[in-house]
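[1] Compute the structure for the input listed below.
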Amino acid sequence: MEAKPVKGVRMKRTAWVLVLLTLAGAGLGAQDDTPTPDADGVYEPYAGVRPARLVQATPAVVLPEESRAGGRHICTLSAVVGVDGTVSKIEVVGPKSPLDDAAIAAVKQSQFAPGTLDGKPVPVRTFVWIPFLGADQPAIPVAGPPRRIAGFTMPKPLKTVEAEFSDEARRKRVSGSLLVSFVVTEEGLPASLRVVNPLGAGLDEEALKAVRQFRFSPATLDGIAVPVPLTVEISFNLRGRY
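    Alright, predicted model coming up:
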């Protein structure tokens, strides 16, 4: 999505905020900050971090009773693809389903190429969707930038809220851009928020406070609402005199 100043920007003295919504994994080439991992050493696919790739997908195998109980459903999983392509820390994103175990087993048996930073493999968080669309269709995992997945529609922002400059940042003249990664749920709500490259001086908290109030029309895959990772870039810029 194109970066635009949000309409109706509420000015607080000399501060203004620019919001950029972009799909996680799409990359933010204009971002100058060096990518940093989370507390577990895992990177988000942004800036110079290239996402892990699904090389060979193994279809999920379900029993007839599991298929009937699960209905038409898409399992969404978050996983960490390690430097050797192994998958770990698999978590179900969204409501639980009788099909989750089959989806997890399929992802464990699939093959991935690791994500990279400056050409070197690094652990990268990866979303995988496993569509269970009927007994006549194999449930084959898909991954990668959603815009490249057939049948995937991206979430659309319905409401954005301006982040305020903190008093501490204004006093210390701290400015810059930060990234907030989060998941847009099937209901279009932001969840699992994390500041990827903190600025400090109270700006991180202000950014999180604003993003928690965002609302979206949810992403869909084959017409079914699914969770999807997003990244928001928020730029805090100071103008004028003090």
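[2] show me the contacts for the nearest residue to Ala105 once chain neighbours are set aside.
    Closest residue in space to Ala105, ignoring its immediate chain neighbours: Ala60 at 6.9 Å, by Cβ to Cβ, 6 or more residues apart in numbering. To be clear about C-beta, it is placed using only N, CA and C from the backbone, and glycine gets the same treatment. By Cβ atoms under 8 Å, 6 or more residues apart in numbering, the contact list for Ala60 reads Leu99, Ala102, Ala103, Ala105, Ala106, Ile130, Phe132, Pro138, Ala139, Ile140, Pro141.
[3] what does the domain assignment say about this protein?
    Here the domain parsing of the chain from automatic domain parsing is 15-38+154-238, 52-144.
[4] Comparing those, which yields the minimum mean pLDDT?
    Note on those: domain 15-38+154-238 shows the lowest mean pLDDT, a mean of 84.
[5] Following the chain onward from the helix or strand hosting Arg194, which element is next?
    Following DSSP states H and E, one finds Arg194 within strand 190-195. Following strand 190-195 in sequence order, the next helix or strand is helix 203-211 (DSSP H and E).
[6] what's that following helix packed up against?
    Helix 203-211 sits against strand 176-184, strand 190-195, strand 228-238, with contacts defined as 3 or more Cβ pairs under 8 Å, 6 or more residues apart in numbering; DSSP states H and E.
[7] so can I have CSV of those showing distance to Val83?
    Below are those laid out as CSV (distance: least, Cβ to Cβ, whole Å):
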stretch, distance to Val83
strand 176-184, 21
strand 190-195, 22
strand 228-238, 21
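[8] looking at those strands, which is closest to Phe152?
    The closest of the helices and strands packed on helix 203-211 to Phe152 is strand 228-238. By Cβ to Cβ, the value is 8.3 Å.
[9] Buried residues in the closest one, which are they?
    By 16 or more other Cβ atoms under 10 Å, the buried positions in strand 228-238 come out as Val228, Pro229, Leu230, Thr231, Val232, Glu233, Ile234, Phe236, Leu238.
[10] bridging residues for the last one?
    Read that as Leu238. Note on Leu238: beta-bridge partners by DSSP bridges are Ala15.
[11] hmm, back to that, for Tyr46, find the nearest of the domains of the chain.
    domain 15-38+154-238 (5.3 Å).
[12] Sort out which residues of stretch 49-65 are buried, please.
    Burial within stretch 49-65, assessed by neighbour count using 16+ other Cβ under 10 Å, is assigned to Val49, Arg50, Pro51, Ala52, Arg53, Leu54, Ala57, Ala60, Val62.
[13] what's the burial count for Arg72?
    13 (other Cβ atoms under 10 Å).
[14] quick one, what contacts the residue lying closest to it once chain neighbours are set aside?
    Residue nearest to Arg72 in three dimensions, not counting chain neighbours: Leu133, with 5.8 Å by Cβ to Cβ, 6+ apart. Leu133 makes contact with Arg72, Ala139, Asp222, according to Cβ under 8 Å, 6+ apart.
[15] ok, the second one touching Phe132?
    Yes. Contact between Ala139 and Phe132 holds when scored by Cβ atoms under 8 Å: they sit 4.7 Å apart.
[16] shared neighbours of those two, which are they?
    Common neighbours of Ala139 and Phe132, using Cβ under 8 Å, 6+ apart, are Ala60, Val62, Leu99, Ala103.
[17] for those, which one is nearest Gly176?
    Ala103 (39.6 Å).
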